[in-house]
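> give the three-dimensional model of this entry:
(chains A and B)
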Amino acid sequence: MNEVFKARLKLLRLPTPSLMPRNASLGYLFVLPTLLMLVLVLGFPVVIAVLNSFTPLWSAERVFTVENYTNLTRDDLFWNSLQVTAIFVAGTSLLHLFVGFIVALALNSEIRGRAFFRVVAILPWTVPDVISGLVWRFMYNPTSGVVNHALHQLGVTQRWIEWLGDPDLALPSVIFADVWRGYPFVMLILLAGLQAIPRDLYEAAQVDGANVLQEFRYITLPSLVRIIAIALALDTVWQFRRFGLVYNMTFGGPGYATDILPIYVYKQYFRYFNFEYASAVAVVSAVIMLIISIPYIYLIMRRD
Amino acid sequence: MKRRRYASSATAYGLLLIVVVYNVVPFLWMVFTAMKTEKEAYAIPPTFFPEDLTFEAFEQLLRWTNFPRYFLNSTIISLGTALLSTLIGALAGYGFSRFSFRGRVTLIGLILASQMLPGVLLVGPYFKLLVQIGLYNTYIGLILAFTSITLPFSVWMLKGFVDTVPEELDDQAMVDGCTPFGAYWRIVLPVIMPGMVATIIFAFLLAWGDLLWVLVLTSGDDMATVTVGLTRLVTQFRTIWPQLMAGSTIGALPSIILYLLLQNYLVRGLTAGAVKQ
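So this is what the prediction gives:
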């Protein structure tokens, strides 16, 4: 606050601003439009989805039932989907973290052209996942795709591999494509964390004769714990609802090999029109998601 | 110590070289395929660089398909979503940042948690609701639907930007006779304008890249967006890859450019301010 302003306050005999009472309830007025909007566009549909999930399949009248949920426990395709989702989410988010960490370390070292490398490093993440899915689908094409061609040229394989057509290879192939798409954002978060570590910590360690590994173990890792937790938590939530990439690469196939939950629910809704059953699966997905997002919400809210 | 530094930067360059190749090859594949003839795209074995370079695919896509319409639809829907959610999100961001009313922490926690709801939970009810109230297959219906994703995130992002503005600034304005809304409108908004622009762009891009909602809430070709239009090009009887990759290139371009412009806001914005960049 500037001096002139303070002097003026004295003249007016007003209390200094920090002591001025704020009319707290005025806050409601500011947040009201958002709250109304969210009740309308978010709360209302959620309530309907939950109600639907407790309504008998294809029923015109609203009778309460839990049969959708009991059916769900006996549905092998649901359990399959849950398993595929777990592998997909764990696989992609851990690999995002692993690759992201290595690239962040490389970008944080003393190199020339860091700005250029940084732009190239985030490039894949800037493409909508729907479009990445299309590009990778064609890259994986057994006869005209670049993946088989490159492997053949390098002498790694002799035959055309059906990357997305083979039930055993489809999920790893989708995961590999998603690592390309998704690691840059985790990398950016970690890079921000690395750059916030004070340089003199490393200098002190070097004076004490620490080697690179010891520096990593005793300075880098401990300073990054919170940031790694945030990155991993956020990425897990995002990966849990990835849709466009898988939709365009395999649509859950071949068979049900890549049938992640969002795709499974989508098919239940709009292929088989099992609205009530689909709602039940969606509610279960939402509950799982809220549970896995608790660490993230905790980490963010703790500051507030 | 010097030697160690050379060794480690050599490792870094080596690594980054691999990164460049890994990251860029799919882009080149997309762009080069878009510049091939259809026959060459299906060649066995495939070529990587186009042997006879042509812009046929772009020309056909823009002239003979509905792609320009998809692009227009994407733009209208994304822009509408971005403006709506940033406009009311900024008000809420200010409210949550400046006033300590009862239930504030609960409300802002709920808004954060609502970001975690999966889209598939919402699309079913939305489909039925929009059909009932006659907003199925309309811009307004889609904009409202997208707002359910972008608004919670806009509120958090904008709250973060308001938090960085010293409170003395609006106190001073109120002492000078501004109403609280006046202080928000005339003092705080101009200061957080870069943050507003960043939020608008983020919301725009969220809507731009979405597939699920548009698939569910529209029918027919006239309302399709870039993402849905491209997706439908694949599932047709014959996939014309050069055209599809031409469309992918054009559809990805706004996204790439805007995200790169946002570089400095990316991390802070998307982690609700938890990580400073």
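
> list the contacts of B:Gln243.
Taking Cβ atoms under 8 Å, 6 or more residues apart in numbering or on different chains, we find B:Gln243 in contact with B:38, B:57, B:60-61, B:65, B:233. (C-beta placed from N, C-alpha, C; glycine too.)

> could I get these as TSV with neighbour count?
Formatted as TSV, the contacts of B:Gln243 follow (neighbours: other Cβ atoms under 10 Å in any protein chain shown):
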residue	neighbour count
B:Glu38	16
B:Ala57	24
B:Gln60	16
B:Leu61	24
B:Thr65	17
B:Leu233	21
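
> counting contacts, what elements does the helix or strand hosting B:Ser85 pack onto?
Assigned by DSSP states H and E, B:Ser85 belongs to helix B:67-98. Applying 3 or more Cβ pairs under 8 Å, 6 or more residues apart in numbering or on different chains; DSSP states H and E, one finds that helix B:67-98 makes contact with helix A:26-38, helix B:104-114, helix B:139-163, helix B:193-208, helix B:226-235, helix B:241-261.

> farthest pair within the contacts of B:Gln243?
B:Glu38 and B:Thr65 (14.1 Å; Cβ to Cβ).

> state the distance from the closest residue to chain B within the stretch 51-200 of chain A to A:Asp75.
Chain B sits closest to A:Pro128 of the stretch 51-200 of chain A, with a gap of 3.2 Å, by Cβ to the nearest Cβ. Using Cβ to Cβ, to the nearest Å, A:Pro128 is found at 32 Å from A:Asp75.

> and these two? which has more neighbours close in?
A:Pro128 (26 against 16; other Cβ atoms under 10 Å in any protein chain shown).

> can you tell me the closest non-neighbouring residue to that one?
Nearest residue to A:Pro128, sequence neighbours excluded (Cβ to Cβ, 6 or more residues apart in numbering or on different chains): B:Gly209, at 3.2 Å.

> residues contacting that neighbour?
Counting by Cβ under 8 Å, 6+ apart, B:Gly209 touches A:128-130, A:244, B:227, B:255.

> re earlier: my read: the residue of the stretch 51-200 of chain A closest to chain B touches B:Pro254, true?
No. At 9.7 Å, A:Pro128 does not count as touching B:Pro254 under the criterion of Cβ atoms under 8 Å.

> that older thread, identify, from the contacts of B:Gln243, the entry nearest to chain A.
For those, the residue nearest chain A by Cβ to the nearest Cβ is B:Leu233; the value is 8.7 Å.

> spatially central residue for the chain, please.
I went with chain A, as the question did not name one. In chain A, the centroid-proximal residue (Cα atoms, centre = their mean) is A:Trp238; its distance is 2.1 Å.

> not quite, go with chain B.
Nearest to the mean C-alpha position of chain B, by Cα atoms, centre = their mean, lies B:Leu205 at 1.4 Å.

> now do the contacts for that one.
Contacts were defined as Cβ under 8 Å, 6+ apart; by that measure B:Leu205 touches B:78, B:255, B:258-259.

> now those in CSV, with pLDDT?
Shown next, in CSV, are these (pLDDT from 0 to 100):
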residue, pLDDT
B:Ser78, 94
B:Ser255, 90
B:Leu258, 87
B:Tyr259, 87
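
> so which of those residues wins on neighbours?
Using other Cβ under 10 Å as the neighbour criterion, B:Ser78 leads these with 27 neighbours.

> you'd agree B:Pro125 is up against A:Leu42?
No. Using Cβ under 8 Å, B:Pro125 is not in contact with A:Leu42, being 10.5 Å away.

> next SSE downstream of the lengthiest helix in chain A?
Taking DSSP state H as the criterion, chain A has its longest helix at helix A:76-108. For helix A:76-108, the following helix or strand on the C-terminal side (DSSP H and E) is helix A:114-122.

> and that following helix, what does it pack against?
helix A:76-108, helix A:167-195, helix B:2-34, helix B:241-261, helix B:263-270.

> okay, domains of chain B per the record?
B:2-56, B:65-270 (automatic domain parsing).

> redo these as CSV? Include distance to A:Leu36.
Putting these into CSV (distance: least, Cβ to Cβ, whole Å) gives the following:
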stretch, distance to A:Leu36
domain B:2-56, 43
domain B:65-270, 9
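
> which of those has the lowest mean pLDDT?
Lowest mean pLDDT within the domains of chain B: domain B:2-56, a mean of 83.

> burial measure for A:Ser199, as a count.
Careful, residue A:199 is Arg and not Ser. Count around A:Arg199 with other Cβ under 10 Å applied: 8.

> and B:Phe58, by the same measure?
A count of neighbours around B:Phe58, defined by other Cβ under 10 Å, yields 19.

> quick one: contacts for it?
By Cβ under 8 Å, 6+ apart, the neighbours of B:Phe58 are B:34, B:246, B:250.

> contact partners for the closest residue to A:Leu190 other than its chain neighbours?
Among residues not flanking A:Leu190 along the chain, A:Ala104 sits closest, at 4.0 Å (Cβ to Cβ, 6+ apart). Neighbouring residues of A:Ala104 by Cβ under 8 Å, 6+ apart: A:187-188, A:190-191, A:194.

> which of these lies closest to B:Asp170?
For these, the nearest to B:Asp170 is A:Leu188 (32.2 Å; Cβ to Cβ).

> that closest one: how many residues sit nearby?
26.
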